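[1] Have a look at this prediction, sequence included:
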Amino acid sequence: MASFELGNVIYLILLLAMVLTWFVAQNRQSLSKIVQQVLAWGLIFIGVVAAIGVWDDIRQTLRPTQSVITATGQIEVPRAQDGHYYLTLQVNDKPIEFLVDTGASEMVLTAADAERAGLQLDDLIYSGRALTANGEVRTARVKLDSVELGDVLDQGVTAWVNEGEMEQSLLGMGYLRRWNRIEISDNALVLTR
């Protein structure tokens, strides 16, 4: 730890000690109640830290990830708690999570996911239109260098970037029709190439 950082830590400890001393002096008649409140807030803090520590496990339970079955050349996607199927694809070597949407005609990226995939949003031409549940939005057609799902690599994949607000990128039929077979069986979406 640098001497500058050590000085800051010492300063903060002294400041905290002074504030605590003032607080205890002001509230010495109700000290037992203060101790109870400090313990309650301490337990809340520990609970929040514990929840953050196990958040990945909780998220995995709520939204399980796909499993790749290489022997049969299939991708099996378990159904999430919300009833949808989610796939994480490597788009231009960046992991992007998609909601599988057979009602969407194309692969549609949110602006944030398009940026994560290395696309320059300022260079896009939003000449397309799409009708969504939230009304009409402008879209920009893009070519993705690479899209990987498990061992399957597709290059030059056409996608659309949505200019409007979108919570999740959509994996529509433009990408799904590249697979030979799509089926839902035992609460899982199975893709076979």
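    Right, received. Where do you want to start?

[2] Where does pLDDT dip in the chain?
    Scanning the chain for pLDDT under 70 picks out 1-4, 55-71.

[3] Where do the strands of it begin and end?
    For the chain, the strands identified by DSSP state E occupy 67-69, 74-78, 86-91, 94-100, 108-109, 128-132, 135-149, 152-162, 169-171, 181-185, 188-192, in order along the chain.

[4] Tell me which residues are up against stretch 185-193.
    Judged by Cβ atoms under 8 Å, 6 or more residues apart in numbering, the contacts made with stretch 185-193 from elsewhere in the structure are 72-79, 85, 100, 149, 152, 176, 178-184. C-beta coordinates here come from the backbone N, C-alpha and C atoms, glycine included.

[5] Show me how far it is from its chain's centre.
    On the basis of Cα atoms, centre = their mean, to the nearest Å, stretch 185-193 sits 23 Å off its chain's mean C-alpha point.

[6] What separation do you get for the closest residue in space to G164 that isn't next to it in sequence and T110?
    Among residues not flanking G164 along the chain, V137 sits closest, at 3.6 Å (Cβ to Cβ, 6 or more residues apart in numbering). Counting by Cβ to Cβ, to the nearest Å, the separation of V137 from T110 is 11 Å.

[7] and what of I46?
    I46 is 36 Å from T110, by Cβ to Cβ.

[8] More neighbours: these two, which one.
    T110 (19 against 10; other Cβ atoms under 10 Å).

[9] That one is in contact with Q168, isn't it?
    Yes. Contact criterion Cβ atoms under 8 Å: T110 and Q168 qualify, at 7.0 Å.

[10] Roughly how far does the residue of the chain positioned farthest from its centre sit from T192?
    Ranked by distance from the centre of the chain (Cα atoms, centre = their mean), the top residue is Q29, with 49.2 Å. In this structure, Q29 and T192 are separated by 74 Å, where distance is defined by Cβ to Cβ.

[11] Could you do G172 as well?
    Spatial separation of G172 from T192 under the definition Cβ to Cβ is 18 Å.

[12] now V38
    With Cβ to Cβ as the criterion, V38 and T192 are 59 Å apart.

[13] When those two are compared, which one has more neighbours?
    Looking at V38 and T192 with other Cβ under 10 Å, you find the greater number of neighbours at T192, namely 14 against 11.
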